Structures are given as structure tokens and as C-alpha cells.
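> Here is the input, now give the coordinates:
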Amino acid sequence: MSKSLKPPSARIVGQSLAAAAPVPRSATAPCSPDTPGAAAPADARRVGAPPPPAVVAPGAVSISVRGPAPAPPAWVQHQVSDDALRAFATSQTTAHRFCTTERGWIDRFGDRFLLSVRQKSDISPLTRHLRTVLARVGLPCRAMFVRNLEKNPGQDSIPALMACADSLAAMGDMPDDSVDGMGAGEHAAAEAQARLAEEVGRLTVVENGVRFGIDIAAGYSPGLFLDQRDNRRALQLNPPQRLLNLFAYTCSFSVAAAAAGCKETCSVDLSKKSLDRGRENFRLNDIDFTPTKNAMTGVLKLAPLRAGHGPLPNAALSGGVGPCPPSSRHRFIADDVFRILPYLRKRGETFDAIILDPPTFARGTKVGSFRVERDLPQLLEACMALAAPQCRLLVSVNCSTMQMPTLQRMATAAAQSAGRRFRLAIPAPPADFPGDALPAMLWIQLG
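So this is what the prediction gives:
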């Protein structure tokens, strides 16, 4: 692998979008605006253009590999390679999957590492493996956190600080019960440990030159979905003019696009707290999200609909003030996606890139509860109505009962129902993830 991070490639399926490399014009079907489903011309700049030369930021972490990589233990399914680590260093990326194993996985966030284990007995072997690899490649490790996936079945397991030291050698070996009682607040030592975990767990990481705030001890997700890195990179390589980011969480797609020159983003999520973290990510990258003249500031919260009343009125904000107009460069809307999509359509808004990354299940939505297997087709149809010509739509589903063929069928049905020309492309797995550890992801290029 080259020392510069390679752009994401894509496996072509069906009426597929040209992805990994420029496709000769003769290889694409002719595009007729009157033919629904006809293949649109390939635009290599959109997904597969080579990235600009990477520049190493001052003070960026480098690696110093000592000897060839030995064979990992048999239970390690995927270990990030030395070449990938070099590429991450060159491309200014300090957050990535470190390894995936039968026992769990390890994620790197700067000089902190998060171990997600399936049972307590997995802690020791994962810790030893991490120490061995880090010692060989020369990466620093200030702290290790562990998340026990078996601790609360069906509930979020809060990561606990397992070790914190100025050097990896000072940490010593970690017993399997090293996380028991941490953060419980039952006595002064536990409370002090919880405070330390909260402090050490907060940091800023870099991904392809873009900064993101991380809070490892906050909950199940620290604030950045690492498996979406290459999809964010696709927006950086060819930023849209107007991006709609649905189920935006901490707005990482919006930030990546805005940092690359996207003029307007609209981030929608039910959680105001998540959007507040998204605003902080904008600040970390010195991106001004102050609305333009006559536009409103702040995180938007639409008032509940009253029974018997139709689409959202123009004055639907809490407090009776009108919604933030499209003149705001970067908007944050804290509300139900099912309510926002028809509202944006009524306003006549369109977007040339749409991110649709819904949860598997959620409560408190307009439909009462959200189930991706049931409700994704409706979401796709609503997105088609907001898609500008040549719009790129990314749909990502992390649901064990929804495999890629199902996602392709839903995407095809939605595009055909909208009378849109389209192509589909499946992104290739990133260098640090095995393919079977990824959600089902699909890029839809609309004509």
C-alpha cells in the first residue's frame, strides 16, 4: 500500500455508480433524461478521484516499526497492517479500528484505546495483544478503556477506564476483573476513578485532517463512527454544494463536507445533545456556522404538530419563531426526521448530497417507534423528493436482518418510483475493518 491514504474503492453492482477509478465514457450506458433508471454518466471525481498530496501536520504522530509484523494470534480476525498505520499517519488520521477479533475489538482514538470485549475473560488476551503491537510499532498509549458487551445485555455499556499511565510499560498486565466496580460511585476511590475516566476520555482526534471531539466514557459510541471514514472522505474529495445529513449524531459528515468547501449543510437529529456536540466539531475546525443576515442562530427544535393540522407551518419553532431559512450556511435541526423531510420538501429545498444513516430501532418518533426494516423504504422515497439532479445519496444500515440484497432492492424501488435515473455502488471495506464487521452501505448516484 502507498504511504498516502488511498481513496475508497467500490464494488460495482447492478446499475452501478463508477467508483474506484475513472471509467472510460464508452463503458457507461447513454443517459436519457426521459428514461427512468437509465444509467447516468460516470463522474470519476465524485467517488474515485485520487486524493491531493497528504501533508503531515506539525506534531503529527509518526510510527517507528521494529521488524516485520509477526503472525497475530489465531483468534485475531483482522489486524491493521503496518502500511495502513503509516498511511493513517501520513493522512493525518489518529482514529481507526486497531484490530477485530473473536473476543471483541480495539479502537484507537489518538493515544487512548477502547477495548470492547464479549466477556471478562477476553480482557487479558486483548490487552496483551495490544501491548505487543504497540511496542513494536511505537505508537503511544496514555490510557486504555474497556467496554464489557455482556455486562448489560440489550443496554449501552459505559466504557470504564482500565489503565492510565505516562507509558505503556507502566500499565503492567491487566487482570480480567480490572474494570469491576469502576465508575460505580460506591466509595471515594470509585468516584475518583470515574472523574479520571471522564477527564482522560475527552480528547480531539484527527481524520484526514479534520478534527473531531471524542468522549470515550460518555456511552456506547464515543462520538465518531470509524467505519464511515471512507464515506466521509468521499465527500472531502468532491464536496457537495448542499448536504442533508439525516440522523446526524455529532454531524461528522457535515463537518467533513464543510471543511472541504461545502457551502450549506443541514444536520437533523432527534438529540439536541448530539447536535450540540456537532456544533463543537464545527468550532474545532474553525468553521463558521453563524447564520447569514436575517437568519436565526442556535439548534432548531420544531414544536409538536397539533392534531388535525397539516404540514408544519412557517412558524413551527419552539417560542413561535420561524425556522432557520436556507440562507443559514450550516443548520442544526433537533427533531424527528419523519417530520422534517416533508417540511423541507414544502419549502422547495433540494440537496446534491444526502446522508441516510438511521438507527436500527428508536422510540419517540412521529411514527411512535422506528424500525429500519419497516420504515427505510418510506425514508428513501422522501429523500428522493429532496434530491437535486446528480445527487449522491449514501444509505447505511447496521441491522443483522437487513443484508445488502435487501438494501439494493429498497434503493432500486425508491429510485424507480421517483422516476429517477440511478446507479448503485457498494464501498469497499476500509483498510482497518473486515468486510463482515461493517454495516450495509450503498451509494446511490441519481441522474
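> Do you have the helices of the stretch 201-350 of the chain handy? List them.
Counting by DSSP state H, counting those that start in this stretch, the segments of the stretch 201-350 of the chain that form helices are 229-237, 252-259, 272-284, 337-346.
> what's next to stretch 390-410, contact-wise?
13-14, 40, 43, 46, 228, 231, 240, 350-358, 360, 372-373, 376-377, 380, 383, 387, 411, 424, 426, 439-447 (Cβ atoms under 8 Å, 6 or more residues apart in numbering). Yep, even glycine has a C-beta here, placed from its N, CA and C like the rest.
> Show the buried residues in those.
Judged by neighbour count, with 16 or more other Cβ atoms under 10 Å as the criterion, the buried members of the contacts of stretch 390-410 are 40, 43, 46, 228, 231, 240, 350-358, 372, 376, 380, 383, 387, 411, 424, 426, 439-447.
> for the helix or strand encompassing Ser396, which positions count as buried?
In this assignment (DSSP states H and E), Ser396 forms part of strand 387-397. Under the neighbour-count criterion of 16+ other Cβ under 10 Å, strand 387-397 has 387-388, 390-397 buried.
> With only the CA atoms kept, save the helix or strand just after it in CSV.
For strand 387-397, the succeeding helix or strand toward the C-terminus, using DSSP H and E, is helix 404-417. The C-alpha trace of helix 404-417 is given here as CSV (Å, rounded to 0.1, in the frame of the first residue of the first chain):
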residue,chain,number,x,y,z
MET,A,404,-27.0,-5.9,1.0
PRO,A,405,-29.5,-7.5,-1.4
THR,A,406,-32.4,-6.2,0.6
LEU,A,407,-30.9,-2.7,0.7
GLN,A,408,-30.3,-2.8,-3.0
ARG,A,409,-33.9,-3.8,-3.7
MET,A,410,-35.2,-1.0,-1.5
ALA,A,411,-33.0,1.6,-3.1
THR,A,412,-33.9,0.5,-6.6
ALA,A,413,-37.6,0.5,-5.8
ALA,A,414,-37.4,4.1,-4.4
ALA,A,415,-35.5,5.5,-7.3
GLN,A,416,-37.8,3.8,-9.9
SER,A,417,-40.9,5.0,-8.0
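> Show me what counts as buried in helix 404-417.
If you call a residue buried by 16+ other Cβ under 10 Å, then helix 404-417 has these buried ones: 407-408, 410-412, 414-415.
> any chance of the residues you listed in JSON lines, with distance to Ser221 too?
Compiled in JSON lines, the buried residues of helix 404-417 are given as follows (distance: Cβ to Cβ, whole Å):
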{"residue": "Leu407", "distance to Ser221": "22"}
{"residue": "Gln408", "distance to Ser221": "27"}
{"residue": "Met410", "distance to Ser221": "25"}
{"residue": "Ala411", "distance to Ser221": "25"}
{"residue": "Thr412", "distance to Ser221": "30"}
{"residue": "Ala414", "distance to Ser221": "28"}
{"residue": "Ala415", "distance to Ser221": "30"}
